[in-house]
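**Q** Okay, here's the prediction I keep looking at, along with the sequence it came from:
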Amino acid sequence: MSDSLHVEIKVNDSPVALDVPLTETLLTSLRDRLQLTGAKRGCNQGVCGACTVMVDGVAVRACLSLTANCEGQSVLTIEGAGNDRAIAALQDAFIEAAALQCGFCTPGQLIAARALLEHNASPSVEDVSKGMSGNLCRCTGYNKIIDAVRMAARRLQP
Amino acid sequence: MSAPFESVGRRVPRIESREKVEGRAQYIADLYRTGMLHGAILQSPFAHARIRGYDLTGALAMPGVHAIVTGDDFAQSNRMGAFIKDEHALAKDKVRYVGEPVAAVAADTEAIARAAAQAIRVAYEELPVLLTPEQALASGVHIHEGVEGYFKVLDAGSRGNLCSRTEFAEGDIERGFGESDLVFEHHYETQAQAHVALEPCGALVEVDPQGRLTIWSANQSVFRVQACVAEALGLPMTRIRCLTPRIGGAFGNKMEPHVQPIVAALALKARRTVKLVLTREEDFEMVRARHPFKVRVKTGVNRDGTFVAREVEVLLDCGAFADDSPGVLGYSLLCARGPYRFAHARCHGRLVYTNKLRFGAFRGFGNPQVSFAGESQIDDIAEQLGMDPIELRLKNILRGDDRALGGQMLSSNGLKECVERVRDASGWARSTQASRSSRSTEDSGGGGAPLPSAPGKKRALGFALCGHISGLLASGAIVRMLEDGTVVLNVGANDIGQGSDTVLSQICAEALKIPLENVVFVSPDTDGSPFNWGTTASRVTFMTGRAVIGAAAEVEKQLKQQASEMLECAVEDLELVSGGAVAVKGVADKKIGFFEIAKRSHWFAGGPIIGSHTWVYDRPTVDPKRAAVIGLPFPRIGAYSFSASVVDVEVDEVTGAAQVKRAWSACDVGRAINPLLVEGQIEGGLAQGIGYALVEEMVWDGARLANPTLMDYKIPTTGEVPYELHSIIVESQDADGPFGAKGVGEVCLVPVPAAIGNAVRRATGVRLFKLPLTAERILRATLGKT
């Protein structure tokens, strides 16, 4: 482990210190070291979006992000998102609209949707369709996911 | 007296939704055990070669390596297979496709296991490679030497590289063609499609102090896993306990085994817990996929549009192992005639071993392929006859006492309603009138087609329909009442994401007239759950739902016996009333709650209340007075569901790219136990059908799969699936189903590719006989090139 690096990050508001190999991805650190398994490994290639987490407020693919690059940054995963008002609204809307089936892509969908709502508080169908096009789902027809995101957006309006 | 249902018919969100949205749901990769080892697999670099020996010394010497297994660890007789026992857990003596598991390692970390797997040296002697069914049929080289002697559950007719053959015949096909005014014959081809359940396959195997194996895995049936591992390792089933975590989608690829027997062998050899999860690439290369088909369809009709005779011949690429393929062949032939009246029909085909990964079960089970062929041709026939394609179909669909191919009685049939409702909802009539006058006529009517084509685009609606079964084999249920009057439902059926935990709980709650919250669903466990063949064949609502009804009826009987003693009245005078109580009929306030009854049964008289029921589907597929059949894989198959689809497709005249703009799907589901979840199935089926029709294709470069990644193998995104997906639920009240319900999981997907092909034809004037309908193929066809 001579080429490992000491990294201090915040994960879900708690400070975390890790000694990780330079090549270790954030997804591996979250899952194997911190037992935060909400982010899923669907392709390990940045295509499916099941590993989407927020780093300093930006949605990123944890499978393409190196933990060593996250020094000083703040990571939000689905496990820590319970206090986030937007995530809570999205979770309720996903349940009511049946926007999830097997649930494997759901944590990634929720984080991606939250990032979308950050930039667009009242997205159209087309906005959600474009904004979420990087998150694959093999069970639904996506329409219920789009409905859920817009339902949550409406409820979050001041 | 029929009181309105309280649980059945309600749009209840999935009961496990909360854990899924909070990231607490655990899938196979999310399971960790203290001190567990990690597994890795060495794959074959050759498509066909003899294994001359292994050198494990380098790999075994690596620090952190605990066990290595190869084909030598599996006895010659320990072969698995649902229909033909032709497969060892790891390649033994021979490799038969590029990517086949050859050896596996258990080590302290995944990185060490992967490095050690690569350090294993295998001596190979290459053999001729057979990549297509035609090549394999013509070759004297046999992929399985001695397939004739393998154990089989059907009369497969296996010989050389011919894995199986099946035939259904009714009437006199030659006479039928002779009596037809017009005879049409076309050839169609379909591609290999990957399941791409977003969760890759994996397993975690523990060895308990007694030496029993506990197997957790991504699977569609804990009982299938148990049976297959027992066969592969030569162990009695009592030594194996199988459980399931949450399943991240399956669609067929997790029904038969993938890595479970390999991980079990590693765990036994290392005497440690071992976990192995495939990478996406490995999952593409070594699990299974949808069969490529070649289909010849010959149809005889009269000038008035009456269907007379249909012959369908199929040739299936089996891949290297039989897996579920003989079933897929037989099932596709059962569906190949289509749900139409034909006095004469002959459907026959062959399944041929090749040096590719095994093909197997995939949502639709051979029906999407033959429906693409048959339903494409019906549109062309309608065009030749100058008839509307929907009118032509309505003239010929099964009705009343008409039978399925083979002669099975239909226990319900909502096909006509499916066709009419999808026709009306999509504005089909206005669309066809418009296209007769001018393709781009403006239409002011709301809700349906046609919409005008954009400049440079051509747009049209397309239609197709199908019949598909839900059923097969055995299911059971146990309903137990706890001391407080709440209920434990135990059925052994995996929820693979479609929502069966919720639907079965609703059925149980309805049958006992208790709130849904008073039912807890038990996760399947081979040690404690009643047998369930699997979550496959659109069967869980229909088959397991009926077992739940039977078990609940048994509980009802015991409740009434208790209540009759407590209320001092006759059992016949009692009924279940809403909210969990037994009351005297017509005297609503003379009742006794489940709480009191349960307490009495546990502590005073009668004993704890437990109801159970099991059954096996029992209507024969074939009536020997009507049909002659060879090589039948499913003697008793199931209830027929029906579906009809309309798609609104726009084709770009410059690029050839087809885009589905809107879609309608009407499905006869008997009764929708949970319409919210039924819609989810229909919408998901439309999306997968769109992917299969337009973008998905596994491509081989020689013997090597060229696109085993999501970067290179595209599945539909929000860019390909339209927002406008209209689900129409048709309820025909199946006589055999629980509360009249039957399956929906597959029937919704089956007609979609044909409907899209028919829309492309109507929009552009070109007919494509080969899936997928890529932009390149459509463009070349419109330019008159092939």
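**A** Nice, I can see it.
**Q** To which secondary structure element is residue B:511 assigned?
**A** Here residue B:511, judged by DSSP states H and E, is contained in helix B:500-512.
**Q** Could you see whether chain A lies near that helix?
**A** No. Helix B:500-512 does not reach chain A (CB under 8 Å from any CB of the partner chain); its nearest approach is 10.0 Å. For the C-beta atoms, the positions are set from N, CA and C on the backbone; glycine is no exception.
**Q** Would you mind pulling the contact partners of the very next helix or strand once past that helix?
**A** Following helix B:500-512 in sequence order, the next helix or strand is strand B:519-521 (DSSP H and E). Contacts of strand B:519-521 with the rest of the structure, by CB atoms under 8 Å, 6 or more residues apart in numbering or on different chains, involve B:15, B:486-489, B:501, B:504-505, B:508-509.
**Q** Dump those residues to JSON lines, plus pLDDT.
**A** Formatted as JSON lines, the contacts of strand B:519-521 follow (pLDDT from 0 to 100):
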{"residue": "B:15", "pLDDT": "98"}
{"residue": "B:486", "pLDDT": "98"}
{"residue": "B:487", "pLDDT": "98"}
{"residue": "B:488", "pLDDT": "98"}
{"residue": "B:489", "pLDDT": "98"}
{"residue": "B:501", "pLDDT": "98"}
{"residue": "B:504", "pLDDT": "98"}
{"residue": "B:505", "pLDDT": "98"}
{"residue": "B:508", "pLDDT": "98"}
{"residue": "B:509", "pLDDT": "98"}
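**Q** re earlier: which secondary structure elements does the helix holding residue B:511 contact?
**A** strand B:474-481, strand B:487-490, strand B:519-521, helix B:545-567 (3 or more CB pairs under 8 Å, 6 or more residues apart in numbering or on different chains; DSSP states H and E).
**Q** 7 Å instead, please
**A** In terms of contacts (3 or more CB pairs under 7 Å, 6 or more residues apart in numbering or on different chains; DSSP states H and E), helix B:500-512 is packed against strand B:487-490, strand B:519-521, helix B:545-567.
**Q** Which elements pack onto the first one?
**A** Pointing back at strand B:487-490 there. strand B:474-481, helix B:500-512, strand B:519-521.
**Q** Any idea how many residues pack against the one residue in the stretch 351-500 of chain B that gets nearest to chain A?
**A** Using CB to the nearest CB, the closest approach of the stretch 351-500 of chain B to chain A is made by residue B:497 at 2.7 Å. Other residues near residue B:497 come to 28 when the count uses other CB atoms under 10 Å in any protein chain shown.
**Q** Which strand or helix spans it?
**A** When elements are assigned from DSSP H and E, residue B:497 belongs to no helix and no strand.
**Q** Let me know the pLDDT of it.
**A** Predicted confidence (pLDDT) for residue B:497: 97.
**Q** Now do it against residue B:749, distance only.
**A** From residue B:497 over to residue B:749 the distance is 15 Å, taken as CB to CB, to the nearest Å.
**Q** for residue B:423, same thing?
**A** Separation of residue B:423 from residue B:749 (CB to CB): 20 Å.
**Q** where are the low-confidence patches of chain A?
**A** Where chain A drops to pLDDT under 70, the residues are A:1-2.
**Q** ok, for residue B:781, nearest residue in space, not its chain neighbours?
**A** Once flanking residues are discounted, residue B:781 sits nearest to residue B:766: 4.0 Å by CB to CB, 6 or more residues apart in numbering or on different chains.
**Q** For the one you found, which three-state class applies?
**A** Taking DSSP: H, G, I helix; E, B strand; the rest coil as the rule, one finds residue B:766 in the coil state.
**Q** what sits against it?
**A** B:760, B:778, B:781-782 (CB atoms under 7 Å, 6 or more residues apart in numbering or on different chains).
**Q** pLDDT-wise, which helix or strand of chain B ranks last?
**A** Using mean pLDDT, DSSP states H and E, helix B:428-437 stands out as the lowest-scoring helix or strand of chain B, at a mean of 66.
**Q** tell me what whichever helix or strand comes after that helix is packed against?
**A** Next in sequence after helix B:428-437, counting helices and strands by DSSP H and E, comes strand B:457-470. Here strand B:457-470 touches helix B:367-385, helix B:389-396, helix B:415-425, helix B:428-437, strand B:639-652, helix B:752-764, going by 3+ CB pairs under 7 Å, 6+ apart.
**Q** try 10 Å this time
**A** Counting contacts by 3 or more CB pairs under 10 Å, 6 or more residues apart in numbering or on different chains; DSSP states H and E, strand B:457-470 packs against helix B:325-336, helix B:367-385, helix B:389-396, helix B:415-425, helix B:428-437, strand B:639-652, strand B:658-668, helix B:752-764.
**Q** Comparing those, which yields the minimum mean pLDDT?
**A** Per-stretch mean pLDDT for these is lowest at helix B:428-437 (a mean of 66).
**Q** end to end, how far does stretch B:59-74 reach?
**A** End-to-end distance of stretch B:59-74 (CA to CA, to the nearest Å): 20 Å.
**Q** That stretch and chain A, are they touching?
**A** No. Counting by CB under 10 Å from any CB of the partner chain, chain A has no neighbours in stretch B:59-74; the shortest distance is 13.8 Å.
**Q** can you pull the buried residues of that stretch?
**A** Neighbour-count burial for stretch B:59-74, with 16 or more other CB atoms under 10 Å in any protein chain shown as criterion, is recorded at B:59, B:64-71, B:73-74.
**Q** ok, of these, which one's closest to residue B:186?
**A** For those, the closest approach to residue B:186 (CB to CB) belongs to residue B:71, at 44.2 Å.
**Q** Please tell me I have it right and that closest one contacts residue B:101.
**A** Yes. With contact defined as CB atoms under 10 Å, residue B:71 reaches residue B:101; the gap is 9.4 Å.
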